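Novice: Sequence unavailable; structure follows:
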């Protein structure tokens, strides 16, 4: 089955540690995205990538880093510089960057930092 | 940046039609109107999208106003599985993803 996988579903870390969230897609999509969702809120864009080896900052990129070495993979690292890292993180992909394409989302990773 | 406005919550009865409104008065000519829905602790699910003309698919219909400043998602016969938060967002047809703004959405409750 084609789709987007995120792992793990739940992640716990101590404050001051970097943590990397995995996102893999087998839809052959060019564009991939990372969002953050806080309780009772909408999604906020962290980073997006339109092609391999290229990525752009979204609205809340500070304290996060990404890489896009393969078309299928777009891992997100939450660094110790992110002041409020506890949140629900969602990865998405689309065929292309244009608004004519729908986005497909993974199941999400819930990160808790104490 | 173009934003959307939706009611916080709506309620419907099972097997009745549901009309979910969305206002986007600052929409630009290249913005596509997208609808997604999200169940608790899950990723959003794509529902439908359109540019100018009304759209139908197996999940829903999208009615777009002639001036494109508002749209309505129509669920023809609500089921209990349709209870979710519905998001209306605008995506730039030119691919400027900095304009991706998600509001709070409409929480739809479906009564049996």
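Specialist: Now that the structure is in, tell me what you want to look at. The structure displayed is predicted, hence computed values, not measured ones.
Novice: residues in contact with residue B:72?
Specialist: If a contact means C-beta atoms under 8 Å, 6 or more residues apart in numbering or on different chains, then residue B:72 has B:19, B:20, B:21, B:22, B:62, B:63 as its contacts. C-beta: built from backbone N, CA, C; applies to glycine.
Novice: Can you name the residues bridging to the last one?
Specialist: When you say that, I think you mean residue B:63. residue B:72 (DSSP bridges).
Novice: contacting residues for it?
Specialist: Applying C-beta under 8 Å, 6+ apart, the residues near residue B:63 are B:54, B:71, B:72, B:74.
Novice: From residue B:47, how far out is it?
Specialist: Using C-beta to C-beta, to the nearest Å, we find residue B:63 at a distance of 13 Å from residue B:47.
Novice: Contact residues of chain A facing chain B?
Specialist: A:4, A:31, A:33, A:35, A:40-45, A:48, A:50, A:56, A:58-59, A:88, A:90, A:92, A:96-100, A:102-108, A:110 (C-beta under 8 Å from any C-beta of the partner chain).
Novice: hmm, the helix or strand where residue B:108 lies in reach of chain A?
Specialist: Assigned by DSSP states H and E, residue B:108 belongs to strand B:106-111. No: Strand B:106-111 stays clear of chain A (C-beta under 8 Å from any C-beta), getting no nearer than 9.8 Å.
Novice: So which bits of chain B are right by chain A?
Specialist: Near chain A, when you scan chain B using C-beta under 8 Å from any C-beta, you find B:30-32, B:34, B:36, B:41-46, B:49, B:51, B:87, B:90-95, B:97-98, B:100-105.
Novice: Contacts only, for residue 17.
Specialist: Answering for chain A, as no chain was given. A:80, A:113.
Novice: nope, chain B please
Specialist: Contacts of residue B:17 by C-beta under 8 Å, 6+ apart are B:74, B:75, B:76, B:77, B:78.
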